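Q: for reference, the sequence and a predicted model appear below.
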Amino acid sequence: QVQLVESGGGLVQAGGSLRLSCAASGRTFISYMRGWFRQAPGQEREFVAAINRSGTSTSYADSAKGRFTISRDNAKNTVYLQMNSLKPEDTAVYYCAAYGSYGNIPRMPELYDYWGQGTQVTVSS
């Protein structure tokens, strides 16, 4: 079992930055790939970014490329999402997730095994 707790959300003006963190406890942190997803009101949960176990490979949604950076610190059992140049359309609840199987970094939320409770990100225009 893995417990995930997100933090770092908040209200920011367009063009600003936020850094989300997701701390894990339970089973060995490095056993899981990690992903960030987001869900805006009335919309489906969508992939934002993900990272492999060692942190050497990442994957980004087109909307996140060039603005967001995912990273992980296995010593601290934490994954991060640095978000720069934020836009109002980035407003959503952001969730971190853990994926325990192997292969390519998954983008489909239904493939992930564990989820955090989410943190709200609101970008004002």
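A: Here it is on my side, so go on.
Q: centroid residue for the protein?
A: In the chain, the residue lying closest to the centroid (C-alpha atoms, centre = their mean) is Trp36, at 2.1 Å.
Q: quick one: contacts for the closest residue to that one other than its chain neighbours?
A: Distances taken as C-beta to C-beta, 6 or more residues apart in numbering put Val48 closest to Trp36, at 4.3 Å, once the chain neighbours are dropped. The way it works is simple: take the backbone N, C-alpha and C, and place the C-beta from them, glycine included. By C-beta atoms under 8 Å, 6 or more residues apart in numbering, the contact set of Val48 is 35-38, 60-61, 63-64, 68, 81, 94.
Q: and what of Phe37?
A: Neighbour list for Phe37: 45-48, 94-97, 109 [criterion: C-beta under 8 Å, 6+ apart].
Q: how about Ser124?
A: Neighbour list for Ser124: 11-14, 88 [criterion: C-beta under 8 Å, 6+ apart].
Q: tabulate those (CSV), appending secondary structure, distance to Cys22 and neighbour count.
A: Shown next, in CSV, are the contacts of Ser124 (DSSP: H, G, I helix; E, B strand; the rest coil; distance: C-beta to C-beta, whole Å; neighbours: other C-beta atoms under 10 Å):
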residue, secondary structure, distance to Cys22, neighbour count
Leu11, strand, 20, 12
Val12, strand, 18, 17
Gln13, strand, 24, 10
Ala14, coil, 24, 13
Pro88, helix, 24, 11
